[in-house]
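Visitor: Below are the sequence and a predicted model; questions follow.
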Amino acid sequence: LPKDQNNCVYADYTVKDSPTALGYDVGVHNHAEEASGKVHEADICAKIVDGAAGKLEVAPCFLPTALSGPYWIVDYSESEGDALVSGGP
């Protein structure tokens, strides 16, 4: 994100009851706020590639999973309700 949109950034991940028709297992809601208060939000989807290793692939929900890109859950705390997620191979 551009520097001016990094005032407040988070994403909510929700595991779906069953995969979508395109094979996505997780719904992702991204939220970013500029210092001015302007809000940017987007909903995308994720596919669990290797749950034990924390590997996901994400893309807009209308794209097939073959076009999704890698994301990693680097650290996760159920008790604190947060995670560190990074994109890239």
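Guide: Perfect, I can see it now.
Visitor: So what touches the longest strand along the chain?
Guide: Assignment by DSSP state E gives strand 39-50 as the longest strand of the chain. Identification of contacts with strand 39-50 by C-beta atoms under 8 Å, 6 or more residues apart in numbering yields 5, 13, 19-20, 22-34, 55-61, 65, 68, 70-71. Bear in mind the C-beta positions are built from the backbone N, C-alpha and C, glycine included.
Visitor: and residue 73, how far is that from residue 33?
Guide: According to C-beta to C-beta, to the nearest Å, residue 73 and residue 33 sit 23 Å apart.
Visitor: how much space between residue 36 and residue 9?
Guide: Counting by C-beta to C-beta, the gap from residue 36 to residue 9 is 15 Å.
Visitor: Compare these two and say which is more crowded by neighbours.
Guide: residue 9 (12 against 9; other C-beta atoms under 10 Å).
Visitor: Beta-bridge partners for the more buried one, please?
Guide: residue 32 (DSSP bridges).
Visitor: helix or strand right after the longest strand of the chain?
Guide: Per DSSP states H and E, strand 39-50 leads on to strand 55-59 as the next helix or strand towards the C-terminus.
Visitor: Against which helices or strands is the next helix or strand after that following strand packed?
Guide: Along the chain past strand 55-59, the next helix or strand (assigned with DSSP H and E) turns out to be strand 69-77. Packing partners of strand 69-77 (3 or more C-beta pairs under 8 Å, 6 or more residues apart in numbering; DSSP states H and E): strand 55-59, strand 82-87.
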